[in-house]
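Asker: Need a 3D model of the sequence below.
(one chain, ligands or ions: 1)
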Amino acid sequence: MEAVARELRKTHPWLAAIAFGSDDDWQDCPGVSPHAATPQARRVELSWCDDSPGDGRSLEHTCMCVMTVYELMSYGGVCRIRRTTERRDVPSVSYAGWWRRLDAYMWWSRLLAGLAR
Ligand SMILES: [Zn+2]
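Answerer: Numbers count the residues shown, from 1 in each chain. You can find the predicted model right below:
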């Protein structure tokens, strides 16, 4: 069991933290996934809705160390960005966009750069 935990902490530290709890080396940020930059003043406001499009495939996600996590999701070739947050002023899960994959990656990188939110 310890070997499994050790291996998982190396490969999937955030999963290990959930499954096994933190250990001495554990820091708040696993440092594996990107963080969405602070929104810029000239950012594009995406329109978010809380209707679930059903089961999709997660292509990318931002770091889990912060309150709000973004995921780039694919729904049979159409992509949306899913936002999951612990903030109380917005719905806990909401979705933006309805893009082809190429456009979706463009918006994803804008979101990471703080140019869309
Ligand atoms: Zn982080």
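Asker: close enough to count as contact, E71 and M64?
Answerer: No - counting by Cβ atoms under 8 Å, E71 stays clear of M64, with 10.4 Å between them. The C-beta positions use only the backbone N, C-alpha and C, and glycine is treated the same way.
Asker: Tell me the spacing between the closest residue to Y75 other than its chain neighbours and the ion.
Answerer: Using Cβ to Cβ, 6 or more residues apart in numbering and skipping residues adjacent in sequence, the residue nearest Y75 is G56, 4.4 Å away. To the ion, G56 is 23 Å away according to Cβ to the ion, to the nearest Å.
Asker: do the same with A116
Answerer: 20 Å.
Asker: what about that residue, how many residues close to it?
Answerer: Using other Cβ atoms under 10 Å, A116 has 21 other residues around it.
Asker: For the closest residue to it other than its chain neighbours, the count of nearby residues, please.
Answerer: Excluding the flanking residues, the one nearest A116 by Cβ to Cβ, 6+ apart is R110, at 4.0 Å. Residue crowding around R110 was assessed by other Cβ under 10 Å; the count is 16.
Asker: Over to the one 3 residues further on?
Answerer: Residues near A113, counting by other Cβ under 10 Å, number 14.
Asker: All set, thanks.
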